[in-house]
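Trainee: no sequence for this one, just the structure:
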């Protein structure tokens, strides 16, 4: 019998970063905002090998577009770019 794949769940961001709030946007994707609520961009977990990598994407001011600003080995490294 073939096991049924389980859907990925929206989980909390794996670390706390002072001054930033993380909201699950999709499985493996978090919206990054300042404490005042202004959205800065997204952090995405990319499953590659053991543990994967985290990509940071900055929101372009006045648009809905994001620009990838890098890939990192940890969620904290990716999030620190927004501080």
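Mentor: Sure, I can see it. Just so you know, these numbers come straight off a predicted model, no measurement behind them.
Trainee: How far off centre is stretch 40-53?
Mentor: 7 Å (Cα atoms, centre = their mean, to the nearest Å).
Trainee: for stretch 21-35, same thing?
Mentor: 6 Å.
Trainee: distance between the ends of it?
Mentor: 6 Å (Cα to Cα, to the nearest Å).
Trainee: average model confidence for it?
Mentor: Mean pLDDT, stretch 21-35: 95.
Trainee: In contact with residue 29, which residues are there?
Mentor: 42-45 (Cβ atoms under 8 Å, 6 or more residues apart in numbering). Glycine gets a C-beta too; all of them are placed from N, C-alpha and C.
Trainee: Looking at neighbours, which among those is most surrounded?
Mentor: The most crowded member of the contacts of residue 29 is residue 43, carrying 27 neighbours; neighbours defined as other Cβ atoms under 10 Å.
Trainee: how close does the spatially closest residue to residue 37 that is not a sequence neighbour get to residue 52?
Mentor: Spatially, and ignoring its direct neighbours in sequence, residue 37 is nearest to residue 21 (7.8 Å; Cβ to Cβ, 6 or more residues apart in numbering). Here the criterion is Cβ to Cβ, to the nearest Å. By it, residue 21 lies 23 Å from residue 52.
Trainee: Would you mark the buried spots in stretch 10-27?
Mentor: 13, 17, 20-22 (16 or more other Cβ atoms under 10 Å).
Trainee: related to what we said a few turns ago, quick one: which of the contacts of residue 29 sit in helices?
Mentor: In helices, judged by DSSP state H, none of these are found.
Trainee: What pairs with the lowest-mean-pLDDT helix or strand in the chain, parallel or antiparallel?
Mentor: Here the helix or strand of the chain ranked lowest by mean pLDDT, DSSP states H and E is strand 66-72, holding a mean of 91. Strand pairing for strand 66-72, determined by DSSP bridges: strand 53-59 (antiparallel).
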